[in-house]
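# Give me the fold of what follows.
(2 chains)
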Amino acid sequence: MEQLINDLKLQIKEALNLEELSMEDFDENAPLFGEGGIGLDSIDVLEIIVLLEKKYGIRLSNPKEGKAIFQSIKTIAEYVQANRKK
Amino acid sequence: MVDVLSTNITSPLGFTTEQNYQTVRSGSSALKRYEGLWGLPEPFAASLFSEGQRAELAISGYTFFESLAIRSAREALSYIQLDTATSKVVLILSTTKGDIGSYPSDAARAIAKALGVTTTPIVVCNACVSGLSAQLLADRLLSAGFYDHAIVVGAEVQSKFIVAGFQSLKAVSEEPCRPFDIERNGLNPGEAAATIVYTAPSLNPSPEEEGRIHCEESLPPRGEVWRGAAWHLVDGATCNDAYHNVSPSPQGDGCLRAIEAVMEGRDKSLLATVCVHGTATLYNDQMESKAIERAGLSDIPLSALKGYYGHTMGAAGVLETILTMRATDDGIVLPSKGFTEPGVSGMVSISGMPQKTDKRAFLKIMSGFGGCNVAALYAKDPIQIKKSIKGEWSKTKTVRISSEDGESLTDIYKEQITNYPKFYKMDILSRLAFVAAEKALSNSPLKDPSRPPLKGEEFSLPLREGWGGSFILFNHSSSIVSDRQFLSTISDAANFFPSPSVFVYTLPNIAAGEVAIRHHLTGETSFYILPEKDEALMRQILEASLCGTNATTAISGWVDAESETSYECELSTFDVKSE
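Here you go, the predicted model:
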């Protein structure tokens, strides 16, 4: 799980060009959206959906399903662990 | 104000305005469901030309996009006598993507040549609002006296590129779209070309002077083709949300400001309809409903026309304007096909049934990526023209940045700007515009002293809230760098992962949107593509634009990125001393 969380952090940082976010400050429990969190927006979610399909074979066609999944890196990791196809 | 001389719509529903109108009146739609087309893994509904129609429209020696635009313009020109070869005729081409992977101004030049136009063609690339922006540009250039006639052509051809892009944004519906409806779930791409030939009013003979123009007839006399003559584009306005490049302002702020700028001091009861953008995405229609309610237009019947043609992108603003003129002449507000039950929270009057009208004016609104919103007022009877601010414009500052400088854009950002992580998400064109705008606006008289400075005082001076100036950009390479990058994400079927964030930047006006968000530029944002850095033409467009608005400040210039390592930008700020 720890490895997966770390992989996801690296992959998301790269895919979303989170250049100024250091890995030390990238807290897996921090909210991804809104104030006080990582501060992602709707396009970032769509880009993470592409990433999950590319790296883990997970197809998420309706972004609305994603609300619970995309709360934090931790919740994404749990979802990936349970649903990954590669 | 400018006068319509002639029109054409060339779409899968017909190759003349009249064929299109009659087909739409009969309730037909061009939308069909496609599965597996262009190797796309997900199905979609779209309005596409059939193989037979493509063969019929194709002109040897031209791409299909060019052929389509030429056919539409030639049909419109066939109803009038216009010497296109004079220096007083300009071609304005509206398209979002033109021929993917090539320069839009090359297509514009080919089209101009085919039409016998000898002046430099101007491509308007303002995302979804381009078709209205192109008409506003025609109005300004003609009103300023630079040209006597403008041939405005909006054209879009659909492709794997556009459809995969909108699918990656989860914005495409598999079924025919349902504007403003509770069940709406996305747009349908459409292809079409539409043309309006405009003339300056002073050059347009009155009906008494010239018998063949029947201004006061609501229907053309038997034997004469309806071509839109006697309609005027009265006024228009462009306003940026300065909110987000893809999501519109939830309350429709920019759209509302554009409507208000046009309708202020004018009688709303003159309007037969508001022809909305109505893409049938959740966000667009909801936003429009709020703007319409806030503008006090809840009682005016809306017409949403995407249920017939889908979203024809660069053609949409021209096509939907022509169709609404035709329907209004017929005493009809066209039904919003696909609509049955309201699915928006703003109070609006919309119907899936045709309604009768005896009004002779309408409002057309559109909104698009990059946060831009346009409203335009059309009327059969002359409506009083508002005075615009006239005065002496002076250049206050110029900034030049180029790939030859030896300092990368990221270096400049790190050393002189910082604290705006979004910079790293931008493509090269947006980074270039962003950095140049920071420099151009530093220590500018446009600054807002109340905003706290960021790092380095010199680069920390955003504009005041509610800025009503104009931000007008030009280039040659459009969004070619992002276009190539997006193509690389969709060209391999085994590795097909269209990137939504890259797709957004395949519209060059996103660069203007990024700067608008950063500096709260809530006035006009426009993006024009020219064959080369033509200073005289750029000055002409800027001057005409500034005369046509109430702007008292402007930022304008050249921002071009041919590749990651070859780019050039020259941006200036302008101020007006009003008389």
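# near chain B at all, the helix or strand of chain A with the lowest mean pLDDT?
Within chain A, confidence by mean pLDDT, DSSP states H and E is lowest for helix A:66-69 among all helices and strands, at a mean of 83. No - using C-beta under 8 Å from any C-beta of the partner chain, helix A:66-69 stays clear of chain B, with a minimum separation of 10.3 Å. (Glycine included, C-beta is placed from N, CA and C.)
# got the buried residues for that helix?
A:66, A:69 (16 or more other C-beta atoms under 10 Å in any protein chain shown).
# so what secondary structure elements neighbour it?
Other elements packing on helix A:66-69 under the criterion 3 or more C-beta pairs under 8 Å, 6 or more residues apart in numbering or on different chains; DSSP states H and E are helix A:73-83.
# now the spatially most central residue of chain B: how far from residue B:95?
In chain B, the residue lying closest to the centroid (C-alpha atoms, centre = their mean) is residue B:130, at 1.4 Å. Residue B:130 sits 7 Å away from residue B:95, going by C-beta to C-beta, to the nearest Å.
# Repeat that for residue B:234.
Using C-beta to C-beta, residue B:234 is found at 25 Å from residue B:95.
# Then residue B:402?
Residue B:402 is 28 Å from residue B:95, by C-beta to C-beta.
# Repeat that for residue B:429.
Relative to residue B:95, and taking C-beta to C-beta, residue B:429 is found at 17 Å.
# who touches residue 19 in this structure?
Here I'm looking at chain A. By C-beta atoms under 8 Å, 6 or more residues apart in numbering or on different chains, the contact set of residue A:19 is B:421, B:424.
# The chain in question should be chain B.
By C-beta under 8 Å, 6+ apart, residue B:19 lies in contact with residue B:13.
# so which strand or helix has the closest residue to residue B:512 other than its chain neighbours?
Closest residue in space to residue B:512, ignoring its immediate chain neighbours: residue B:525 at 4.1 Å, by C-beta to C-beta, 6 or more residues apart in numbering or on different chains. Here residue B:525 is covered by strand B:524-529, with elements defined by DSSP states H and E.
# right, and the helix or strand after that strand?
Heading C-terminal from strand B:524-529 (DSSP H and E), you reach helix B:535-547.
# pLDDT (mean, whole number) over that next one?
Helix B:535-547 shows a mean pLDDT of 91.
# Buried residues, that helix. List them.
Result for helix B:535-547 [16+ other C-beta under 10 Å]: buried residues B:537, B:538, B:540, B:541, B:542, B:543, B:544, B:545, B:546, B:547.
# what packs against that helix?
By 3+ C-beta pairs under 8 Å, 6+ apart, helix B:535-547 packs against helix B:130-143, strand B:470-475, strand B:524-529, strand B:553-563, strand B:566-578.
# Quick check: which of the ones you listed is nearest to residue B:515?
Ranking these by distance to residue B:515, with C-beta to C-beta as the measure, places strand B:470-475 first at 6.6 Å.
# intersection of neighbour lists for residue B:130 and residue B:95?
Common neighbours of residue B:130 and residue B:95 (C-beta under 8 Å, 6+ apart) are B:154, B:313, B:314.
# In JSON lines, list the residues you listed along with secondary structure and neighbour count.
Output for these, formatted as JSON lines (DSSP: H, G, I helix; E, B strand; the rest coil; neighbours: other C-beta atoms under 10 Å in any protein chain shown):
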{"residue": "B:154", "secondary structure": "strand", "neighbour count": "35"}
{"residue": "B:313", "secondary structure": "helix", "neighbour count": "28"}
{"residue": "B:314", "secondary structure": "helix", "neighbour count": "36"}
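# And residue B:509, how close does it get to residue B:479?
Taking C-beta to C-beta, one finds residue B:509 at 9 Å from residue B:479.
# Residue A:13 now?
25 Å.
# Pick out whichever of the two has more residues nearby.
residue B:479 (29 against 16; other C-beta atoms under 10 Å in any protein chain shown).
# Identify the residue nearest that one in space, chain neighbours excluded?
residue B:508 is the one closest to residue B:479 (C-beta to C-beta, 6+ apart), at 4.4 Å.
# Specify the local secondary structure of that neighbour.
Assigned with DSSP: H, G, I helix; E, B strand; the rest coil, residue B:508 falls in the coil class.
# That one contacts residue B:475, correct?
Yes - Residue B:508 is within contact range of residue B:475, at 6.6 Å (criterion: C-beta atoms under 8 Å).
# Find residues that contact each of these two.
B:429, B:527, B:529.
# So how do I select the buried members of those in ChimeraX?
Selecting the buried subset of these in ChimeraX, with 16+ other C-beta under 10 Å as the burial test, is done by:
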select /B:429,527,529
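# Just list the residues touching the residue nearest to residue B:423 when sequence neighbours are not counted, thanks.
Nearest-residue entry for residue B:423: residue B:413, 5.3 Å, with adjacent residues in sequence omitted and distances by C-beta to C-beta, 6+ apart. By C-beta under 8 Å, 6+ apart, residue B:413 lies in contact with B:420, B:423, B:431, B:435.
# with these in mind, which one is nearest to chain A?
residue B:423 (8.1 Å; C-beta to the nearest C-beta).
# does residue B:238 count as helix, strand or coil?
Per three-state DSSP, the secondary structure class of residue B:238 is strand.
# ok, it - how many residues close by?
Residue B:238 has 27 nearby residues by other C-beta under 10 Å.
# residues touching it, list them.
So, once contact is read as C-beta under 8 Å, 6+ apart, residue B:238 ends up touching B:126, B:129, B:133, B:136, B:258, B:372, B:373, B:374, B:523, B:524, B:525, B:526.
# what about stretch B:364-381 and chain A, any contact?
No - using C-beta under 8 Å from any C-beta, stretch B:364-381 never reaches chain A; the gap is at least 10.9 Å.
# Okay, buried residues for that stretch please.
Neighbour counts using 16+ other C-beta under 10 Å place B:364-380 of stretch B:364-381 among the buried residues.
# to the chain's geometric centre, what's the distance from that stretch?
Taking the mean of its C-alpha atoms, stretch B:364-381 sits 8 Å from the chain's own mean (C-alpha atoms, centre = their mean, to the nearest Å).
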